[in-house]
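K.L.:
Okay, structure incoming, though there's no sequence with it:
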Ligand code: ADP
Ligand code: ZN
């Protein structure tokens, strides 16, 4: 069965033969057509204009500067903070027959000199530069010796002090415009809030740039957030049920839980490696390289991992702890499914997360305004966790984009009921109030719930809390349900939490519930978390790769095996040879000859010449 494909422009008939950008897209990259606004962006830069591109991860930002660099005279200079990935990027381009090099601090002087000579001689199409290089006068002098086609500023949000990836070296990038005013600049980022956007424009002096804002929807990612009880067990079940043998990233807050979780997965037969700032550089680099090169490896990491990881086949991103902001959550989950195939963003979240995050904010450095900002970030994140509406709609709304319920998130697939939690809230809040008023005491959630449940345990007896009038008034709910109530009241600002022990106190809004008849709608916790993988999204928005039947799946696995061997031989990540989506298409369509193989998405001229015969052999043997 043939995969549905995006409408294509027949090259010869449209006169596109004379269209350099289209020709390069077809021949070099092996793609039929531009996606979304790629065409307009490419034209803007080819024409010598500046561009600011906001596009989600996986949206196809690279082509937006790679193609103009190939069309325009001279070398495209790409500024990127992702030093560790430059080699892979250069390898991927070389596999396409594009001449690329990089300059960064990891190189030996003679390697650097070779690249510099290539640049000056006009023997490169693209040059990747670490931002700190641009601060050196020697780099500027080098650039003066060659011809520059364009400047691409990747991960442009790194110039924003408001965001979480700020890099001081990026501030120096405003000099590009001063020193080379005639060279077009294109700044790209997947971080989208208006605040960050404005800062990029000001700091990079991009006021005159044309702006391109793509939809931030990632339709192939399924968003799910479940109540946390035993996170490592829950993770294991999730991986076994839905992602056996898949590559993915698990995020934890602390180094300690990273280590523990990685060990736990390994003990349970899942190949996993840790990644955090406490590991020495070599181990870190090695684990990252393994993740990129091996198939089906899981990385358990703190947020230090993942920026710019362009591994296309990350099938899941799991969060065992609550991210600090919706922006962070979106970026981290965005690392799943760049290839457009179905992927999962899965998170467990519990009361302890709220307590912990609030504590981090209370003890954070910086002034009151800073803490207030952190608080706002957290509130938005909690609202996402507790919503009864579509998660995707809420995410898009956060980025100022029109929300559309998606059918591919847990709340759409398994709509949570809401229930009238007013009485439950009153019971809990009045327990807090009485302890404070009558005894001058404050306690954490665990003890309060014990009181409501009428548990005469040691602590209760020690404080004579069984004599309180609220003792035992909450036996209509179970312990886990009460924890859900506390969490949701916190998220709604009807309760506050403080300090090391997570003591609960009332807020102004809680008084309205206690005394002014304010009602409280709560979300019912699903007894059994959301069903495994939903039907594949019908509207993945792009040419969906074929769904394979059993025979084709076997063929796909053979192709993958061939790819793994080939990649290993060449010392490059597997996706540099071909992406999964391309192999799936090949398995489904079984091209009979080289000409037909060349029409598969992702098979350009260079790869066809290099691998074509081998692929046909694998097909013939299968
Ligand atoms: P980003 O940098 O925005 O995260 P990439 O540039 O890495 O995204 O592109 C994501 C994926 O989409 C890559 O696998 C890329 O090859 C593919 N891609 C990009 N543009 C097209 C296109 N016009 N047609 C088909 N595939 C594309
Ligand atoms: Zn939804």
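P.N.:
In hand now; what should we look at? The structure presented is a predicted model; accordingly, all values stated were derived computationally and were not measured. Numbers count the residues shown, from 1 in each chain. Ligands and ions are numbered 1, 2, ... in the order given.

K.L.:
Quick check: which element contains the nearest residue to residue 153 once chain neighbours are set aside?
P.N.:
Computed as CB to CB, 6 or more residues apart in numbering, the closest residue to residue 153 that is not its neighbour in sequence is residue 187, at 4.3 Å. (Each C-beta comes from the backbone N, C-alpha and C, glycine too.) For residue 187, the host element (DSSP states H and E) is strand 185-189.

K.L.:
What's opposite the residue nearest to residue 153 in the beta bridge?
P.N.:
Using DSSP bridges, the bridge partners assigned to residue 187 are residue 52, residue 153.

K.L.:
can you list the weak-confidence ranges in the protein?
P.N.:
Within the chain, the ranges that satisfy pLDDT under 70 run 1-18, 162-164, 192, 308, 526-547.

K.L.:
Mind doing that once more with 80?
P.N.:
Scanning the chain for pLDDT under 80 picks out 1-18, 84, 161-166, 191-194, 303-304, 306-310, 403-404, 499-501, 525-548, 622.

K.L.:
from what I can see residue 231 touches residue 346, true?
P.N.:
No - using CB atoms under 8 Å as the test, residue 231 is too far from residue 346 to be in contact (11.2 Å).

K.L.:
Which one's more surrounded, those two?
P.N.:
Between residue 231 and residue 346, counted using other CB atoms under 10 Å, the more crowded position is residue 346 (28 against 23).

K.L.:
Could you list which residues are in contact with that one?
P.N.:
224, 225, 226, 238, 316, 317, 318, 319 (CB atoms under 8 Å, 6 or more residues apart in numbering).

K.L.:
what helix or strand is it on?
P.N.:
strand 343-349.

K.L.:
Check the burial of the residue in the stretch 101-250 of the chain that ligand 1 sits nearest to by counting its neighbours.
P.N.:
Going by CB to the nearest ligand atom, ligand 1 is nearest to residue 190 of the stretch 101-250 of the chain, at 6.4 Å. Residue neighbour count, defined by other CB under 10 Å, stands at 23 for residue 190.

K.L.:
Over to residue 570?
P.N.:
The number of residues packed near residue 570 is 13, by other CB under 10 Å.

K.L.:
quick one: strands adjacent to the strand holding residue 346?
P.N.:
strand 221-227 (parallel), strand 316-319 (parallel).

K.L.:
got the ones you listed as a markdown table, with distance to residue 56 and mean neighbour count columns?
P.N.:
Shown next, in a markdown table, are the strands paired with strand 343-349 (distance: least, CB to CB, whole Å; neighbours: other CB atoms under 10 Å):
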| stretch | distance to residue 56 | mean neighbour count |
| --- | --- | --- |
| strand 221-227 | 10 | 23 |
| strand 316-319 | 14 | 25 |
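
K.L.:
and of the ones you listed, who's closest to residue 85?
P.N.:
strand 316-319 (17.9 Å; CB to CB).

K.L.:
So which residues on the protein come close to ligand 2?
P.N.:
390, 392, 406, 409, 412 (CB under 5 Å from the ion).

K.L.:
May I ask you to confirm that residue 274 is in contact with residue 260?
P.N.:
No - in this structure, residue 274 is not within contact of residue 260 by CB under 8 Å, at 9.2 Å.

K.L.:
Who has more neighbours out of these two?
P.N.:
residue 274 (25 against 15).

K.L.:
coming back round to it: which helices and strands sit right next to the following helix or strand past the strand holding residue 346?
P.N.:
Next helix or strand after strand 343-349 toward the C-terminus (DSSP H and E): helix 351-362. Under the contact definition 3 or more CB pairs under 8 Å, 6 or more residues apart in numbering; DSSP states H and E, helix 351-362 sits against helix 368-386, helix 479-491, strand 496-498.

K.L.:
so what does the shortest one touch, helix or strand wise?
P.N.:
It stands for strand 496-498. Going by 3+ CB pairs under 8 Å, 6+ apart, strand 496-498 lies up against helix 351-362, strand 503-505.

K.L.:
right, so of these, which gets closest to ligand 1?
P.N.:
That would be, of these and by CB to the nearest ligand atom, helix 351-362, which comes in at 28.4 Å.

K.L.:
Pull out the buried positions in the closest one.
P.N.:
By neighbour count on 16 or more other CB atoms under 10 Å, the buried set for helix 351-362 is 351, 352, 353, 354, 355, 356, 357, 358, 359, 361.

K.L.:
Need the residues that contact it.
P.N.:
Residues outside helix 351-362 that contact it (CB under 8 Å, 6+ apart): 228, 253, 321-322, 324, 371, 374-375, 378, 382, 444-445, 483, 486-487, 490-491, 496-500, 502.

K.L.:
among those residues, which ones are buried?
P.N.:
Buried among the contacts of helix 351-362 (16+ other CB under 10 Å): 228, 253, 321-322, 324, 374, 378, 382, 444-445, 483, 486-487, 490-491, 496-497, 502.

K.L.:
Setting aside sequence neighbours, what's the nearest residue to residue 599?
P.N.:
Using CB to CB, 6+ apart, the closest residue to residue 599 is residue 591 (7.4 Å).

K.L.:
looking at it, the one you found is touching residue 585, isn't it?
P.N.:
No - the pair residue 591 / residue 585 is not scored as a contact, 9.3 Å apart, by CB under 8 Å.

K.L.:
shared neighbours of the two, which are they?
P.N.:
Common neighbours of residue 591 and residue 585 (CB under 8 Å, 6+ apart) are residue 600.

K.L.:
between the two, who's got more neighbours?
P.N.:
Higher neighbour count among residue 591 and residue 585: residue 585, with 25 against 18, using other CB under 10 Å.

K.L.:
hmm, back to that, distance to residue 110 added to the helices and strands packed on helix 351-362, as TSV?
P.N.:
Output for those, formatted as TSV (distance: least, CB to CB, whole Å):
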stretch	distance to residue 110
helix 368-386	46
helix 479-491	58
strand 496-498	58
